[in-house]
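Enquirer: sharing a sequence plus its predicted fold:
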Amino acid sequence: MVHVSELSELVTKVDDSSLKCGGTKLITIDGPAGSGKTTLAISLSKLFNDCPVIHMDEIYEGWQSALTTKTSQDLVNWIINPLLEQSVIVFNKYDWALGKRLGQVVINYPKVLIIEGVGSSVIEVSKYACLKLWIEVSPEIGINRVLDRDGQDIQAQMESWQTQEKNYFIENKTKENSDIWIDGDPVVGIDTSSQFVRTNR
């Protein structure tokens, strides 16, 4: 049976939760590439008065260092520690076309912050989150979505990435440690700006 839920239910969950990360309610959205994490993050952000969203693509430093301890350390140093200290978040986001960090991101004392992307719910981060979301699709759908979006020329990298993220999720028990599981390719039509299909509890 398909369980269609309202995103407003997630807003209520966050509103009712206790603070774990300074004065900020932190939400993580994890799951395989192409599952709809960014779309979900944007929809949720609008329901939280356009709260800031940090994309893991901005944190990684290219394909090689993604999903490594360096990424986890950068998340803690650039995002978690400033939130705990209730200071300003400042970091330079990665430019994939140029292969280096450009463009400073500055976030001032957010009431709600969303981090979305593969590896966003690593334990060093998720222990401070008031809501951990997992969204998934089949590998075939995921890679097709990414290639349609970003171009066929990254197919080899994406095939390697899918293996890497699968192993990462197993090692970190990312899905099992998430609060809510979401179907990124539901069999029923939904309005992704306000609805989602839940697959657990």
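Expert: Perfect, thanks for sending it.

Enquirer: where does the protein have low pLDDT?
Expert: The model of the chain has pLDDT under 70 over residues 201.

Enquirer: biggest helix in it by residues?
Expert: Among the segments of the chain that qualify as a helix by DSSP state H, the longest is helix 155-172.

Enquirer: which residues belonging to it are considered buried?
Expert: 158, 161, 162, 165, 168, 169, 172 (16 or more other C-beta atoms under 10 Å). All C-beta spots, glycine's among them, are computed from the backbone N, C-alpha and C.

Enquirer: distance to residue 98 added to the residues you listed, as TSV?
Expert: Formatted as TSV, the buried residues of helix 155-172 follow (distance: C-beta to C-beta, whole Å):
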residue	distance to residue 98
158	20
161	20
162	25
165	24
168	26
169	29
172	30
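
Enquirer: closest to residue 75 out of the residues you listed?
Expert: Of all the buried residues of helix 155-172, residue 75 sits closest to residue 172, with 13.2 Å by C-beta to C-beta.

Enquirer: pull the contacting residues for the closest one.
Expert: 121, 122, 123 (C-beta atoms under 8 Å, 6 or more residues apart in numbering).

Enquirer: report the contact partners of residue 59.
Expert: Going by C-beta under 8 Å, 6+ apart, residue 59 touches 71, 74, 75, 78, 91, 93, 94, 117.
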